[in-house]
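A.B. asks: model the structure of this input:
(one chain, ligands or ions: 1)
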Amino acid sequence: MHLGLSADELLTTTRSVRKRLDFDHPVERSVVLECIDIALQAPTGSNSQGWQWMVIGDTDKKKAVADAYARNFYKYTAQPARTYAEGDTRAERQPLVRSSADYLAEHFHRAPYLVIPLIEGRLDEGLNSFAQASQWGSILPAVWSFMLALRERGLGSAWTTLHLPDEQEVAELLGIPYERYTQAGLFPVAYTKGVDFKPAPRIPAAQLTHWDHFGQH
Ligand SMILES: Cc1cc2nc3c(=O)[nH]c(=O)nc-3n(C[C@H](O)[C@H](O)[C@H](O)COP(=O)(O)O)c2cc1C
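C.D. replies: Below you'll find the predicted structure:
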């Protein structure tokens, strides 16, 4: 299935889907592969293409990875939440994001697949910003393309990183060579309940764009 969204619709309506993931609708392996093939068209530094894609469908393994996520999620959310000025749309959205994130933490293992994109090299060893930007920049555009490709096919995901404090444990569970590959995140993959997602409120570009001198809007 293709929704036939315009490029702008696709880019502005690919949301973090949590409560609207349809856990009971099986996902074909071929769709996952198709979306990864699309993701592989993303740019990489020096055309390095040092990526691998871990797709987890095994029930016990999904449960173990989801447990690692939930453990860290509850630690993270036990800390005081970030505060925003009154009227800031991020403050208004916070309870919605929180309730949606709580739901995902509880149900993560029910997604038909969990995806962990991998990038060659360890990125937690004191690299300078050039090396960091080059390596993260060689996986994150592909990950976003993957999410866009899912959306166009009636599926959804949510960008998550909270299993990463237990990255090594998850690497061992899945047989990922930890010394050679860094995990970029954890992505549930499922069909969505409905496909009518909308653009989210954001701070307008005019307030965040600086012309020739920082602070000059
Ligand atoms: C780097 C990164 C890490 C994130 N980590 C999590 C996470 O661990 N759990 C979660 O539920 N959402 C996570 N999110 C999703 C954000 O909460 C979400 O993108 C944000 O609330 C905006 O909502 P939208 O994606 O629907 O526009 C993450 C997003 C990014 C980009």
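A.B. asks: so for the chain, which residue is the most central one in space?
C.D. replies: Nearest residue to the geometric centre of the chain (CA atoms, centre = their mean): W159, 2.0 Å.
A.B. asks: residues from the protein in reach of the ligand?
C.D. replies: Within the chain, the residues that sit near the ligand (CB under 6 Å from any ligand atom) are R15, S16, V97, A101, L104, A158, W159, T160, T161, L162, A200. Bear in mind the C-beta positions are built from the backbone N, C-alpha and C, glycine included.
A.B. asks: can you pick out the most distant pair from these?
C.D. replies: The widest separation within the residues of the chain next to the ligand, taken as CB to CB, falls between L162 and A200 and amounts to 20.6 Å.
A.B. asks: any of the residues of the chain next to the ligand buried? List them.
C.D. replies: Buried residues within the residues of the chain next to the ligand, counting neighbours by 16 or more other CB atoms under 10 Å: R15, S16, A101, L104, A158, T160, L162.
A.B. asks: tabulate the residues you listed (CSV), appending secondary structure and pLDDT.
C.D. replies: Output for these, formatted as CSV (DSSP: H, G, I helix; E, B strand; the rest coil; pLDDT from 0 to 100):
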residue, secondary structure, pLDDT
R15, coil, 98
S16, strand, 98
A101, helix, 97
L104, helix, 98
A158, coil, 98
T160, strand, 98
L162, coil, 98
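A.B. asks: can you redo these as TSV with distance to E152?
C.D. replies: Converted to TSV, these look like this (distance: CB to CB, whole Å):
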residue	distance to E152
R15	14
S16	16
A101	24
L104	22
A158	17
T160	21
L162	27
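A.B. asks: next one, pLDDT for P177 please.
C.D. replies: Note for P177: predicted pLDDT of 98.
A.B. asks: wait, is it part of a helix?
C.D. replies: No. Counting by DSSP: H, G, I helix; E, B strand; the rest coil, P177 is not part of a helix but coil.
A.B. asks: looking at the chain, which helix or strand does the model trust least?
C.D. replies: In the chain, no helix or strand scores lower on mean pLDDT, DSSP states H and E than helix 89-107, which sits at a mean of 92.
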